[in-house]
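*Asks:* 3D, please:
(2 chains)
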2 protein chains.
Amino acid sequence: MLKIERWGMALISNEDTLKSWNDGPVKQSILEFLKSSTQEGPDYVKPADRIATFDNDGTLWVEKPMPVQLDFVFRAFARTAQNDPSLVSKQPYKAILERDMTFFQKAVTQDPETSMALEDAFARQWSGKTPDEYEAEVKEFFATVKQEKFAANFTKLVYKPILELFDLLKKYEYRVFVCSGGGRDFMRIISEDTWGIFKENVIGTASEYEYDNGTLKSVEKVLGGIALGPGKVEHIFARTGRLPVFAVGNGDVDIEMLESARFRLLVHHDDDEREYAYENGVEKILAIAKEKKYAIASMKNDWKQIFR
Amino acid sequence: MLKIERWGMALISNEDTLKSWNDGPVKQSILEFLKSSTQEGPDYVKPADRIATFDNDGTLWVEKPMPVQLDFVFRAFARTAQNDPSLVSKQPYKAILERDMTFFQKAVTQDPETSMALEDAFARQWSGKTPDEYEAEVKEFFATVKQEKFAANFTKLVYKPILELFDLLKKYEYRVFVCSGGGRDFMRIISEDTWGIFKENVIGTASEYEYDNGTLKSVEKVLGGIALGPGKVEHIFARTGRLPVFAVGNGDVDIEMLESARFRLLVHHDDDEREYAYENGVEKILAIAKEKKYAIASMKNDWKQIFR
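*Replies:* Reported below is the predicted structural model:
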């Protein structure tokens, strides 16, 4: 029987370990690494150093047709533009109102100019808001919007095999962090109930807040840069004082994070039936993973069950 | 018998709880708050929200004659100026070489111009250094330099009553963070062995790092502002996604952090014999603490033993 204490140490009996994973070399390599890194021997990692980091979009939940947070952000921008005609002809509002797929694609691939327009609009949208106000907006989104292919709330589309891996890592006294290019404060609103990860273990791109007269308010500034590519490693070091020992990602923006770790696991989306199959935005990391023999979890072959 | 597991849950039997504290209203109020906030009732705080934050200098260890990190930094600046005559007439090098007490006082009280000169010199000093290089310098400092009044290593001058409070908070499932205006990466080097606090639970002022070609290097930029005054609350929210429930400080730069918490404890330095007695830089917080009835720990009367 699976007895999970998501907050702290996981209590999983051996027969239940990673039970949504098919037996095979990937599952085997995870189990072997966790054993060898936590028992005496040449691969031993002392408890203080046991940091595991996971990307979010595409590693922890569905990232198609677009990352969940972009869906939230675009809906907010559309509402803003509808209330302010002066914005209708400006980016990113124009593209959003016209459902301009080229712009969306540029957003997903982090085209610099597009990213800048989005960042500016992002800061403008929530500037002056308190954390509670932001939380209410995000909760409303999660309660009402459904993912189009699965007609399900986004929080239902979190991968069960990864949640099992969180538990197993905790059992081996790894401390689990999620590090995403997406919004830190967006993820934190669902991290505890959905992932069993305390807010403080969620790392991501973030607005700066100002504390004045007893109140915290968001200001128009991105704090500490975007947590993508090398920025992921920088954010992880800033937050934890370490590089990860165990890292899991799925996209080209995770290359550096995986490179900085000792055990690297790539989630490969090759299951168009139960989820999606795509290589766009993951070509480079897939080639590196094959060349350097990272563990590659095929969603189709390695995962018995996809969603929690 | 005191059985402490500093890494995780503390295992302290009742008779050993806060044993370096004298019985009295301050110890009583701490014990009562910890009970009432963790058992059912109007003051209950759910486990996820149980965040405790501590200032470092003057709250966790001796801050006289100057904060420990300033001692480290000034020694490094002096070495740099000795090797580069062009710096000898510039601040902060000039003041350090001349032992200009006015300048030191301005540094301690965070005079803006002085802080800026120090920040610039700080970034210059360690720019391009890797975390390992920085760590080696800091370890050398701690191994060799002694505090002048007590002729002891600085890490011996950590307050035992506060370490006991860390353990007690952990027992009640509070997550303990240290938040200092001082350098995050400086504190992290001693946080695990000296305080039993993982690096990731240390919050402070920090250089930015850049990850390039598989290497992290410090760059000439302070990331996220200085963690002092309102900046402490901003840093705590950025790191934890929450405001503290339990906060402990000793100086005017802790006013906002204590204000943002539910239980506020002020460490008052009034023991010139066993440590120091001073009110300079703490006048405002002391007045607020008296007016708003914060818990005030008199070092002289409330602490049986000062150092660990």
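
*Asks:* use CA for all of it now, contacts and neighbours both
*Replies:* Fine.

*Asks:* what ranges do the helices span in the stretch 151-300 of chain A?
*Replies:* For the stretch 151-300 of chain A, the helices defined by DSSP state H, counting those that start in this stretch occupy A:160-171, A:184-190, A:230-240, A:255-259, A:283-291, A:299-302.

*Asks:* now the stretch 201-308 of chain A against chain B: closest residue?
*Replies:* Using C-alpha to the nearest C-alpha, the closest approach of the stretch 201-308 of chain A to chain B is made by A:Thr240 at 4.0 Å.

*Asks:* next, count neighbours for the nearest residue to that residue once chain neighbours are set aside.
*Replies:* Leaving aside its chain neighbours, A:Thr240 sits nearest to B:Glu200 (4.0 Å; criterion: C-alpha to C-alpha, 6 or more residues apart in numbering or on different chains). Neighbour count for B:Glu200, taken as other C-alpha atoms under 10 Å in any protein chain shown: 22.

*Asks:* and A:Ser29, by the same measure?
*Replies:* So A:Ser29, with other C-alpha under 10 Å, has 15 neighbours.

*Asks:* for A:Lys290, same thing?
*Replies:* For A:Lys290, the count of nearby residues is 12 (other C-alpha under 10 Å).

*Asks:* coming back round to it: how about the residue of the stretch 201-308 of chain A closest to chain B, what does it touch?
*Replies:* A:Thr240 sits next to B:Lys199, B:Glu200, B:Asn201 when contact means C-alpha atoms under 8 Å, 6 or more residues apart in numbering or on different chains.

*Asks:* and if you look at A:Tyr211?
*Replies:* Counting by C-alpha under 8 Å, 6+ apart, A:Tyr211 makes contact with A:Lys217, B:Pro230, B:Gly231, B:Val233, B:Glu234.

*Asks:* that's a helix at A:Ala117, yeah?
*Replies:* Yes. Under DSSP: H, G, I helix; E, B strand; the rest coil, A:Ala117 sits within a helix.

*Asks:* and it, how far is that from chain B?
*Replies:* Using C-alpha to the nearest C-alpha, to the nearest Å, one gets 22 Å for the distance from A:Ala117 to chain B.

*Asks:* repeat that for A:Lys170.
*Replies:* As judged by C-alpha to the nearest C-alpha, A:Lys170 and chain B stand 13 Å apart.

*Asks:* point out where chain A drops to low pLDDT.
*Replies:* Applying pLDDT under 70 to chain A flags the ranges A:1-16.

*Asks:* A:Ala81: what's it in contact with?
*Replies:* When the contact criterion is C-alpha under 8 Å, 6+ apart, the partners of A:Ala81 are A:Leu87, A:Val88, A:Tyr93.

*Asks:* and the next element down the chain from the host helix or strand of it?
*Replies:* Assessed by DSSP states H and E, A:Ala81 sits inside helix A:68-83. Using DSSP H and E, the helix or strand that follows helix A:68-83 towards the C-terminus is helix A:93-97.

*Asks:* what angle do whichever helix or strand comes after that following helix and helix A:68-83 make?
*Replies:* Per DSSP H and E, the first helix or strand lying C-terminal to helix A:93-97 is helix A:101-108. Calculated by axes from the mean of the first three to the mean of the last three C-alpha atoms, to 10 degrees, helix A:101-108 forms an angle of 130 degrees with helix A:68-83.

*Asks:* show me what helix A:101-108 is packed against.
*Replies:* helix A:93-97, helix A:112-126 (3 or more C-alpha pairs under 8 Å, 6 or more residues apart in numbering or on different chains; DSSP states H and E).

*Asks:* who touches that helix?
*Replies:* Contacts for helix A:101-108 (C-alpha under 8 Å, 6+ apart): A:Met66, A:Pro67, A:Ala95, A:Thr114, A:Ser115.

*Asks:* at 10 Å what do you get?
*Replies:* A:63, A:65-67, A:70, A:74, A:91-92, A:94-96, A:109-118, A:281 (C-alpha atoms under 10 Å, 6 or more residues apart in numbering or on different chains).

*Asks:* before we move on, what about stretch A:20-33?
*Replies:* A:17-19, A:35, A:43-44, A:159-165, A:168-169, A:246, A:262-265, A:294-299, A:301-308.

*Asks:* in it, what's buried?
*Replies:* Neighbour counts over stretch A:20-33 (16 or more other C-alpha atoms under 10 Å in any protein chain shown) mark A:Ser20, A:Trp21, A:Asn22, A:Val26, A:Lys27, A:Ile30, A:Leu31 as buried.

*Asks:* for the residue of the stretch 51-200 of chain A found nearest chain B, list the residues it contacts.
*Replies:* Residue nearest to chain B within the stretch 51-200 of chain A: A:Glu200 (4.0 Å; C-alpha to the nearest C-alpha). Applying C-alpha under 10 Å, 6+ apart to A:Glu200 gives the contacts A:177-178, A:184, A:188, A:191-192, A:239, B:200-201, B:236-242.

*Asks:* A:Val176 versus that one, what's the distance?
*Replies:* 11 Å (C-alpha to C-alpha, to the nearest Å).

*Asks:* could you do A:Ala297 as well?
*Replies:* Using C-alpha to C-alpha, A:Ala297 is found at 19 Å from A:Val176.

*Asks:* next: A:Ser89.
*Replies:* Distance, A:Ser89 to A:Val176, by C-alpha to C-alpha: 43 Å.

*Asks:* so which of those two has more stuff around it?
*Replies:* Between A:Ser89 and A:Val176, counting by other C-alpha under 10 Å, A:Val176 is the more crowded of the two (24 against 12).

*Asks:* hmm, back to that, export the helices and strands packed on helix A:101-108 as a markdown table, with columns for mean neighbour count.
*Replies:* Below are the helices and strands packed on helix A:101-108 laid out as a markdown table (neighbours: other C-alpha atoms under 10 Å in any protein chain shown):
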| stretch | mean neighbour count |
| --- | --- |
| helix A:93-97 | 19 |
| helix A:112-126 | 16 |
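
*Asks:* okay, these in CSV with distance to A:Phe142 next?
*Replies:* Listed next are the helices and strands packed on helix A:101-108 as CSV, based on distance: least, C-alpha to C-alpha, whole Å:
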stretch, distance to A:Phe142
helix A:93-97, 20
helix A:112-126, 18
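
*Asks:* nearest spatial neighbour of the closest residue to chain B within the stretch 1-150 of chain A, chain-adjacent residues omitted?
*Replies:* Closest residue of the stretch 1-150 of chain A to chain B, C-alpha to the nearest C-alpha: A:Ala48 (7.0 Å). Nearest non-adjacent residue to A:Ala48, counting by C-alpha to C-alpha, 6+ apart: B:Phe198, 7.0 Å away.

*Asks:* what of A:Gln82?
*Replies:* With sequence-adjacent residues excluded and distances taken as C-alpha to C-alpha, 6+ apart, A:Gln82 is closest to A:Val88, at 7.5 Å.

*Asks:* next one: A:Gln91
*Replies:* That would be A:Ala117: by C-alpha to C-alpha, 6+ apart, it lies 6.5 Å from A:Gln91.

*Asks:* which ones are touching the one you found?
*Replies:* With C-alpha under 10 Å, 6+ apart, A:Ala117 has these contacts: A:Lys90, A:Gln91, A:Pro92, A:Tyr93, A:Ala107.

*Asks:* same deal with A:Tyr93?
*Replies:* With C-alpha under 10 Å, 6+ apart, A:Tyr93 has these contacts: A:74, A:76-82, A:87, A:99, A:117-118, A:121.

*Asks:* and A:Thr155, how far from A:Thr144?
*Replies:* 11 Å.

*Asks:* neighbour count: the two, which is higher?
*Replies:* Per other C-alpha under 10 Å, whichever of A:Thr155 and A:Thr144 has more neighbours is A:Thr155, with 21 against 10.

*Asks:* I am finished for the moment; much appreciated.
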